[in-house]
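Asker: coords please:
(2 chains)
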There are 2 protein chains.
Amino acid sequence: MATMKVHGSVISTATQRVVACLNEKDLDYEFVPVDMGSGEHKKDHFLCLNPFGQVPAFEDGDLKLFESRAITQYVAHVYTGKGTQLIFENPKKMATMAVWMEVEAHQFDPLASKLGWELVYKPMFGMTTDAAVVKENEAKLTKVLDIYEARLAQSKYMGGDAFTLADLHHLPTVQLLMGTQCKKLFDSRPCVSAWCADILGRPSWAKVLAMKS
Amino acid sequence: MATMKVHGSVISTATQRVVACLNEKDLDYEFVPVDMGSGEHKKDHFLCLNPFGQVPAFEDGDLKLFESRAITQYVAHVYTGKGTQLIFENPKKMATMAVWMEVEAHQFDPLASKLGWELVYKPMFGMTTDAAVVKENEAKLTKVLDIYEARLAQSKYMGGDAFTLADLHHLPTVQLLMGTQCKKLFDSRPCVSAWCADILGRPSWAKVLAMKS
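Answerer: Residues are numbered from 1 along each chain as shown, chains lettered A, B, ... in the order given. Coordinates of the predicted model:
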């Protein structure tokens, strides 16, 4: 089997998403660090892997992929014989799981990413947090988490009765917000809180956190 | 076979995406108009179909789905025996197609939607276009279309050698921008321009436009 390669940065949530997936699937891979501080992701050798100049990029033999959620879907669909099943075989179950994957991508991630930028990365880079942006996005996140609470009251996991990509895709941004004032929004909702504890406690995620330390 | 239902609005790009897909697959469906002007999409009977209160929602027998790209994927994967094949069977081809579906969702759609809001919907609702927002997003769209031009110089369609969901998902927002000053950004790039003419010329899309008139 050809070696898989992940080109990325351990502080990138999109990179963490792909690494968590490979850990769940118990697959060997080579991690190739991309030095974003020096703008390596905007240089020609990286743009050949991803013309948008964003981490991560992925190689499996001669196949080159980018966009974290396309990579995780490839891995989950192709390496079905390895590690955790992260998708369903039943087409209707799969369709419902796909709905909640889209929810993560379009309803949750934009808010979580904006809040993470304001509350984690801006302070890290010596920039000033914009309180108005935080307030606006916290209000929107509250509404999304109310819907998550209702969903998780009926379904153990976001995509259905088992842990799937619909949960896994949330891991990096949920972890990011757990280190901020937004933690209270998750903790105050019992089903959301139990779901967070469950998914953040997975060994695949502990391995991702170990890479950062 | 149970009748499929699309609950939506003909002026919603997400609704148009689903209807275009059903047309390509040659499937019968019932269109249930949602009166967004009176806020019907925020009322309980619609929130049972989509808790986020956004059109479209979809029913196929007892299966209820929302998020336009989850609906199109379900239709393409389940009704493989009908109409146009909108996905690939080969896993590597499918993975590359998935990359460009993610590109549409994360790189193209946010810009196209912001520009459509400023240049089409705001004037339609008697609101004032924000020139600075237009300028910023046109600059970003220019960079994305440069990457599209390079992609389409190598590949007849966005996702590979055949028309797939990776192209179809673009239809509503490309159509929207073709009626604005952004048209020049598409027209000035030969491969992008040829691709637009090809996909906008599909009979499935003509049927969507006919619903609006």
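
Asker: alpha carbons only for contacts and neighbour counts from here, please
Answerer: Noted.

Asker: near chain B at all, stretch A:8-25?
Answerer: No. If you take C-alpha under 8 Å from any C-alpha of the partner chain as the test, stretch A:8-25 misses chain B, and the best it gets is 12.5 Å.

Asker: please read the previous query as pertaining to stretch A:81-91.
Answerer: Yes. Judged by C-alpha under 8 Å from any C-alpha, stretch A:81-91 and chain B are in contact via residue A:91.

Asker: would you mark the buried spots in that stretch?
Answerer: A:84, A:85, A:86, A:87, A:88 (16 or more other C-alpha atoms under 10 Å in any protein chain shown).

Asker: start to end distance for that stretch?
Answerer: Across its full length, stretch A:81-91 reaches 19 Å between end residues, using C-alpha to C-alpha, to the nearest Å.

Asker: what stretches of chain A score poorly on pLDDT?
Answerer: A:1-2 (pLDDT under 70).

Asker: mind giving me the domain split of it?
Answerer: What automatic domain parsing lists as the domains of chain A is A:4-84, A:91-202.

Asker: please tabulate those in TSV, including the columns distance to residue B:13.
Answerer: Listed next are the domains of chain A as TSV, based on distance: least, C-alpha to C-alpha, whole Å:
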stretch	distance to residue B:13
domain A:4-84	23
domain A:91-202	15
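
Asker: what's the most distant pair in the buried residues of stretch A:81-91?
Answerer: The distance between the two most remote of the buried residues of stretch A:81-91 (C-alpha to C-alpha) is 11.2 Å, for A:84 and A:88.

Asker: name the next helix or strand downstream of the host helix or strand of residue A:102, please.
Answerer: Per DSSP states H and E: residue A:102 is located in helix A:91-103. Following helix A:91-103 in sequence order, the next helix or strand is helix A:109-116 (DSSP H and E).

Asker: that next one and chain B, any residue contact?
Answerer: No. Contact of helix A:109-116 with chain B is not found when judged by C-alpha under 8 Å from any C-alpha; the minimum separation is 9.9 Å.

Asker: tell me the buried residues in the lengthiest helix in chain A?
Answerer: Longest helix of chain A, by residue count under DSSP state H: helix A:131-154. Using 16+ other C-alpha under 10 Å as the test for burial, helix A:131-154 gives A:134, A:137, A:138, A:141, A:144, A:145, A:146, A:148, A:149, A:151, A:152.

Asker: turn those residues into CSV, including distance to chain B.
Answerer: As requested, those are arranged in CSV below (distance: C-alpha to the nearest C-alpha, whole Å):
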residue, distance to chain B
A:134, 20
A:137, 16
A:138, 16
A:141, 12
A:144, 8
A:145, 11
A:146, 10
A:148, 10
A:149, 12
A:151, 9
A:152, 13
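
Asker: helices of chain A, start to end?
Answerer: Going by DSSP H, chain A shows helices at A:13-24, A:44-47, A:68-78, A:91-103, A:109-116, A:122-124, A:131-154, A:165-168, A:171-178, A:183-187, A:190-200, A:203-212.

Asker: circling back: closest to residue A:44 out of the buried residues of stretch A:81-91?
Answerer: residue A:86 (33.9 Å).

Asker: and the gap between that closest one and chain B?
Answerer: Residue A:86 sits 16 Å away from chain B, going by C-alpha to the nearest C-alpha, to the nearest Å.

Asker: spatially nearest residue to that residue, not counting backbone neighbours?
Answerer: Nearest non-adjacent residue to residue A:86, counting by C-alpha to C-alpha, 6 or more residues apart in numbering or on different chains: residue A:164, 4.1 Å away.

Asker: just give me the neighbour total for that neighbour.
Answerer: 23 (other C-alpha atoms under 10 Å in any protein chain shown).

Asker: so what's it up against?
Answerer: A:85, A:86, A:87, A:97, A:157 (C-alpha atoms under 8 Å, 6 or more residues apart in numbering or on different chains).

Asker: touching, the second one and residue A:76? I think so.
Answerer: Yes. At 5.9 Å, residue A:86 and residue A:76 qualify as touching, with contact defined as C-alpha atoms under 8 Å.

Asker: circling back: what helices or strands is the longest helix of chain A leaning on?
Answerer: If contacts are counted by 3 or more C-alpha pairs under 8 Å, 6 or more residues apart in numbering or on different chains; DSSP states H and E, helix A:131-154 sits against helix A:109-116, helix A:183-187, helix A:190-200.

Asker: distance between that helix and the chain's centre?
Answerer: The chain centre lies 18 Å from the centre of helix A:131-154; the measure is C-alpha atoms, centre = their mean, to the nearest Å.

Asker: just stretch A:104-121 next, same as before
Answerer: Using C-alpha atoms, centre = their mean, the offset of stretch A:104-121 from its chain centre is 11 Å.

Asker: just stretch A:151-162 next, same as before
Answerer: The answer for stretch A:151-162 is 18 Å, by C-alpha atoms, centre = their mean.

Asker: okay, now residue A:110: neighbour count?
Answerer: Counted with other C-alpha under 10 Å, residues neighbouring residue A:110 total 16.

Asker: could you pull up the contacting residues of residue A:134?
Answerer: Neighbours of residue A:134 in contact, by C-alpha under 8 Å, 6+ apart: A:114, A:115, A:118, A:119.

Asker: ok, now residue A:29?
Answerer: A:3, A:4, A:5, A:6, A:22.

Asker: which residue, other than its chain neighbours, is closest to it?
Answerer: residue A:4 (4.6 Å).
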